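Student: Predicted model follows, preceded by the sequence.
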Amino acid sequence: MAHGFIDQLGKMLDKSSVLAGADIDERYHRDLAGKAVAKPLAVVRPRTTEQVSDVLRLCHHEKVPLTTQGGMTGLVRGAMPNANEIVLSMERMNAVEEVDASASVAIAQAGAPLDRIQERVEREGYIFPLDLGARGSCTIGGNISTNAGGNRVIRYGMTRDLILGLEVVTADGTVLHGLRKYLKNNTGIDLKHLFIGSEGVLGVVTRAVLRIVPAPTEQQVMLCAMDSFAKVSALLGMARQRLGGELTAFEAMWNEYYRLTVERVNGVVSPLPTHHPFYVLLEASGNKAARIHVDLEELLEAAIGKSMIIDATVSNSKASAAAMWRIRDSTLELSRSFPYGSRIGFDVSLPICRMDEYAKMVRTRIKAIDVQAFAIVFGHAADGNLHLEVHHEHTPDRREDFEKLVYQITGEFGGMISAEHGIGVLKRPYLKISRTQEEIETMRTLKRALDPNNILNPGRIFTL
Ligand code: ZN
């Protein structure tokens, strides 16, 4: 079957669009450790929505499963193919097709890298507010299918809040033409939301209408050190009240994250001593430079007056703001400075009032498995989202025990086992901690209705 099927694909698209055998580059099947794993049957690289539709129609008919790939920056093994699957790579559908200032939207193809979209709209005086560390390699299609969050969710929301319309191909090749530019559209069930955040199991996103906003002309960053998490939380309340819509980021870093990033990541320079228990990076932006300066100065004075802050520094140039962001944006480099096989990343949602208690609980209970294990904690505190990396270099074979323990604690706190990265394959066994049986069954009902032959990213999120 495989050979005839690949020949059919080759006839449907031009020759360079279908790769098989030795022509399949490792990057299509490289795992998180950077090693090649199971090679897919073929890699298909369509140039148009019609070609995506043709490929899906054939796969549906022949019952051949496929994995859709964007920038391969995911962390839950969602885009890694299995040996019986083909890869549908969106890399050739990478254009930013339109920037429509009057409607405040841009239209991009799914394979467009996030930073290309950002740069394109910036040339017109706008920003596309979605922003995350992987901006140079992740694609908007991947951002949509995982409902990416990132650094400015507090001000602009998740990817879901930034999408006005989608063009999607469903499993049998049907094209849903939903590229509408309206903020208001109450014409029945809003189908786009089925495909945002559903990790490619219900359809393949091919193009999207994105919300853009006028670029703020002024951006200031404040980095502060604090001696308790209660003060981090109090500062957030004060910043929200005083800065309102100017507050565009509020990132918390526990000591280990801050100190180890400064010690281990090349090019990171700390403007503050590295021994304080907590650090906060706060960003304010807007169009009135003088007002932002005054608002931040007043916030700082009030926070010092209430003894919330031990030490602080405010950016005085674009370069100094970028240097402070570099500390928070170095998560991947910090992670990679430790061996791959003995670190586990978690991204959980929790009420902010219980974050420190949670971090302490994880720290204490991992010691019962390995007394030398430790956790690095940081995150988008204002969004109720913590990132946590557990390191267990002396007990690399206990990975699953650490995973189970952290997710169990997350459940005890009523948290969500993923705030940003999604479920994919890696977190599938733990989905039931955060979602009810009835909810998971409803997800399966939707899957069976839209993809009866189970060809789209099978086994991601749940099995049928
Ligand atoms: Zn994050």
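Tutor: Thanks, I have the structure now.
Student: where does residue 290 land in three-state SS?
Tutor: With DSSP: H, G, I helix; E, B strand; the rest coil as the basis, residue 290 sits in helix.
Student: Kindly report the same for residue 345.
Tutor: Secondary structure state of residue 345, per three-state DSSP, is strand.
Student: residue boundaries of the strands in the stretch 351-464 of the chain?
Tutor: Ranges of strands within the stretch 351-464 of the chain are 374-380, 385-391, based on DSSP state E, counting those that start in this stretch.
Student: The closest residue to residue 377 other than its chain neighbours: what's it in contact with?
Tutor: The spatial neighbour of residue 377 that comes closest, neighbours along the chain excluded (C-beta to C-beta, 6 or more residues apart in numbering), is residue 254 at 4.1 Å. (Each C-beta comes from the backbone N, C-alpha and C, glycine too.) Counting by C-beta atoms under 8 Å, 6 or more residues apart in numbering, residue 254 makes contact with 277-278, 359, 376-378.
Student: What of residue 144?
Tutor: Neighbours of residue 144 in contact, by C-beta under 8 Å, 6+ apart: 110, 159, 163, 166, 195-197, 205, 208.
Student: cutoff 7 Å now
Tutor: Listed by C-beta atoms under 7 Å, 6 or more residues apart in numbering, the contact set of residue 144 reads 159, 163, 196, 205, 208.
Student: Pull out the buried members of these.
Tutor: Among the contacts of residue 144, those scoring as buried are 159, 163, 196, 205, 208 (criterion: 16 or more other C-beta atoms under 10 Å).
Student: Which member of those is positioned nearest residue 288?
Tutor: residue 159 (28.6 Å; C-beta to C-beta).
Student: hmm, back to that, and the two most separated of the buried ones among the contacts of residue 144?
Tutor: 159 and 205 (10.9 Å).
Student: Residue 434 against residue 416, yeah?
Tutor: Yes. Using C-beta atoms under 7 Å, residue 434 is in contact with residue 416, at 4.7 Å.
Student: which stretches of the protein have low pLDDT?
Tutor: Per-residue confidence for the chain (pLDDT under 70) gives these ranges: 1-3.
Student: which residues does the residue most central in space within it contact?
Tutor: Geometric centre of the chain, nearest residue: residue 148, 3.7 Å, by C-alpha atoms, centre = their mean. Residue 148 makes contact with 130, 132, 159, 420, according to C-beta under 7 Å, 6+ apart.
Student: how far away is it from residue 137?
Tutor: 13 Å (C-beta to C-beta, to the nearest Å).
Student: With residue 317 instead?
Tutor: Taking C-beta to C-beta, one finds residue 317 at 28 Å from residue 137.
Student: who's more crowded, the two?
Tutor: Taking neighbours as other C-beta atoms under 10 Å, residue 317 and residue 137 compare with residue 137 leading, 14 against 8.
Student: Can I take it that that one is in a strand?
Tutor: No. Residue 137 is assigned coil when assessed by three-state DSSP, not a strand.
Student: Could you double-check that it sits in contact with residue 73?
Tutor: Yes. Residue 137 is in contact with residue 73 according to C-beta under 7 Å; the separation is 5.3 Å.
Student: Ramachandran coordinates for the nearest residue to residue 395 once chain neighbours are set aside?
Tutor: Setting aside the residues directly before and after it, residue 395 is nearest to residue 370 in space (C-beta to C-beta, 6+ apart), at 4.1 Å. Backbone torsions for residue 370, taken as degrees, to the nearest 10, come to phi -150, psi 110.
Student: re earlier: restricted to helices, list the buried ones among the contacts of residue 144.
Tutor: Counting by DSSP state H, no part of the buried ones among the contacts of residue 144 is found in helices.
Student: Strands - which of these land there?
Tutor: Counted as lying in strands by DSSP state E, out of those, are 163, 205, 208.
Student: who's in contact with the first one?
Tutor: With contacts defined as C-beta under 7 Å, 6+ apart, residue 163 is in contact with 144, 192, 196, 208-210.
Student: again, but for residue 369
Tutor: Per C-beta under 7 Å, 6+ apart, neighbours of residue 369: 395, 398, 401-402, 405.
Student: if you set the cut-off to 10 Å instead, what comes out?
Tutor: By C-beta atoms under 10 Å, 6 or more residues apart in numbering, the contact list for residue 369 reads 390, 392, 395, 398, 401-402, 404-405.
Student: follow-up on the earlier one: give me the neighbour count for the residue nearest to residue 395.
Tutor: By the criterion of other C-beta under 10 Å, residue 370 has 19 neighbours.
Student: and the gap between it and residue 392?
Tutor: 5 Å.
Student: same check, this time on residue 94
Tutor: Following C-beta to C-beta, the distance that separates residue 94 from residue 392 is 39 Å.
Student: quick one: which of those two has more around it?
Tutor: residue 392 (22 against 19).
Student: ok, and the closest non-adjacent residue to the more buried one?
Tutor: Leaving aside its chain neighbours, residue 392 sits nearest to residue 373 (4.4 Å; criterion: C-beta to C-beta, 6+ apart).
Student: likewise residue 57?
Tutor: residue 173 (3.1 Å).
Student: circling back to that earlier point, now render the strands of the stretch 351-464 of the chain as TSV, adding mean neighbour count and distance to residue 119.
Tutor: Shown next, in TSV, are the strands of the stretch 351-464 of the chain (neighbours: other C-beta atoms under 10 Å; distance: least, C-beta to C-beta, whole Å):
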stretch	mean neighbour count	distance to residue 119
strand 374-380	23	24
strand 385-391	22	27
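Student: Reformat these into a markdown table and put distance to residue 49 next to each item.
Tutor: Output for the strands of the stretch 351-464 of the chain, formatted as a markdown table (distance: least, C-beta to C-beta, whole Å):
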| stretch | distance to residue 49 |
| --- | --- |
| strand 374-380 | 34 |
| strand 385-391 | 34 |
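Student: So which of the ones you listed is nearest residue 29?
Tutor: Set against residue 29 and scored by C-beta to C-beta, the strands of the stretch 351-464 of the chain come closest in strand 385-391, at 25.1 Å.
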